[in-house]
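> Fold the following.
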Amino acid sequence: HAPALSPLSWPNNLWQCPYCPYTQLNKRGPDFRRHIETHSEAVLWICCGLPVEDARRDRGITEGAFACPPLELEPRLFLLDGCKKTSSRRASLQRHLRCNEGKCFGDDRAPYQPGNRL
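The predicted model follows:
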């Protein structure tokens, strides 16, 4: 995915990020591409919670258990208890859910995640 931002200037060093001062020291293309993706304005992954039906059935979560009302991500798709943090990378959402277990709920493989629709 190409970043939505335009680079300030293309550096002479191929491993220098065109968006920030970062320089890729290990010269691994996949690592450098992953870094470049962090500059993307695309929201592909959202800590949006679980569908209300799944939250009730699978986790015993009820709407009254949370301070925020359900989030309507799509028409007639209501999700409970996500903090709405966004990321351009799936691994970032996975880490966020793991580090906030019991506070944030979600599924990075769910069909309603924008990154799974590409």
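
> And the helices in the protein, which stretches?
Taking DSSP state H as the test, the helices found in the chain are 29-37, 52-54, 90-99.

> Out of those, flag the one nearest G106.
Taking Cβ to Cβ, helix 90-99 is the member of the helices of the chain nearest to G106, at 5.4 Å. No exception for glycine: its C-beta is placed from N, CA and C like everyone else's.

> what packs against the closest one?
strand 45-46 (3 or more Cβ pairs under 8 Å, 6 or more residues apart in numbering; DSSP states H and E).

> quick one: average confidence on the strand it packs on?
In this model, strand 45-46 has a mean pLDDT of 90.

> Only the buried residues of the helix or strand bottoming out on mean pLDDT in the chain, if you could.
Between all helices and strands in the chain, the lowest mean by mean pLDDT, DSSP states H and E belongs to strand 71-74, at a mean of 79. The neighbour-count check on strand 71-74 (16 or more other Cβ atoms under 10 Å) flags 71, 73 as buried.

> what's that strand packed up against?
Using 3+ Cβ pairs under 8 Å, 6+ apart, strand 71-74 sits against strand 77-80.

> And the contacts of the strand it packs on?
Under the criterion Cβ atoms under 8 Å, 6 or more residues apart in numbering, residues 48-52, 55, 61, 63, 66, 70-73, 105, 112 lie in contact with strand 77-80.

> Check stretch 43-58 too.
Contact with stretch 43-58 is made by 1, 59, 61-63, 70-71, 73, 77-90, 92-93, 96-97, 100, 104-108, 112-115, 118, as judged by Cβ under 8 Å, 6+ apart.

> Would you list the buried entries among these?
For these, buried by 16+ other Cβ under 10 Å: 61, 70-71, 73, 78-83, 85-89, 92-93, 96-97, 104-108, 113, 115.

> Good, we can wrap up now.
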